[in-house]
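S.K.: coords please:
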Amino acid sequence: MAITCFAQEFATPITPSRMFKALILNSHNLIPKIAPQGIKSIDFVEGDGGVGSIKQTNFADGGHLKYLKHRIDALDAENLVCKYTLIEADVVFDKIESVAYEVKFEASGDGGCVCKMTSEYHTKAGMELKEEDIKQGKDKAMGLYKVVEEYLLANPSVYA
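M.R.: I've put the predicted structure just below:
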């Protein structure tokens, strides 16, 4: 099994704590509300949101995915870091065994933050993964971050 890593980051004028609360701690409530065309619901199928919890994201009808399950591996609300692993999906991954993610929110000098995301793709034996293989998923994740950013800009008291 090989591991392929990808990193991406983006700057936002939103404070790190608000982004962390919106995208990590309360995503199960916020994201289906502000992006119903893409995500039907996010439910905890195990646990209450802490380490070891399993969260299932149910996508809106018509997409190529119906659901994904992630396990929360580490949650550090003080340092605004979350690590989680994709453990199940309704589609067969022909090249991938699992995907481990780390998301951190760091303060920037302008009062906003930089969101840093690292993805570790654990591929099946003999398989090679290229960035274009995962581009669609990365683009959708970045789109979701932008939707949350726009919502928080329009609603400055939410998660303040």
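S.K.: centre of the chain to whatever helix or strand V103 lives in, how far?
M.R.: Element membership for V103 (DSSP states H and E) is strand 96-107. Its chain's C-alpha centre and that of strand 96-107 lie 7 Å apart, by Cα atoms, centre = their mean, to the nearest Å.
S.K.: and what of stretch 67-84?
M.R.: The answer for stretch 67-84 is 9 Å, by Cα atoms, centre = their mean.
S.K.: list the buried ones in that stretch?
M.R.: Using 16 or more other Cβ atoms under 10 Å as the burial criterion, the residues of stretch 67-84 that qualify are Y67, L68, K69, H70, R71, I72, L75, L80, V81, C82, K83, Y84. (C-beta placed from N, C-alpha, C; glycine too.)
S.K.: surely H28 is within a strand?
M.R.: No. Read with DSSP: H, G, I helix; E, B strand; the rest coil, H28 is helix and lies in no strand.
S.K.: for it, what are its contacts?
M.R.: I42, D43, F44, G49, K55 (Cβ atoms under 8 Å, 6 or more residues apart in numbering).
S.K.: contact partners of the stretch of helix or strand the second one belongs to?
M.R.: Element membership of D43, judged by DSSP H and E, is strand 39-46. The list of residues contacting strand 39-46 from outside it, by Cβ under 8 Å, 6+ apart, reads 27-28, 31-32, 52-61, 69.
S.K.: list the buried ones in that strand?
M.R.: Buried residues in strand 39-46, counted by 16+ other Cβ under 10 Å: I39, K40, I42.
S.K.: residue contacts, the nearest residue to T15 once chain neighbours are set aside?
M.R.: Nearest residue to T15, sequence neighbours excluded (Cβ to Cβ, 6 or more residues apart in numbering): C113, at 6.3 Å. Contact analysis of C113 by Cβ under 8 Å, 6+ apart lists A11, T12, I14, T15, P16, M19, F105, E106, A107.
S.K.: now the residues you listed as JSON lines including pLDDT?
M.R.: Compiled in JSON lines, those are given as follows (pLDDT from 0 to 100):
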{"residue": "A11", "pLDDT": "95"}
{"residue": "T12", "pLDDT": "96"}
{"residue": "I14", "pLDDT": "97"}
{"residue": "T15", "pLDDT": "97"}
{"residue": "P16", "pLDDT": "97"}
{"residue": "M19", "pLDDT": "97"}
{"residue": "F105", "pLDDT": "97"}
{"residue": "E106", "pLDDT": "97"}
{"residue": "A107", "pLDDT": "97"}
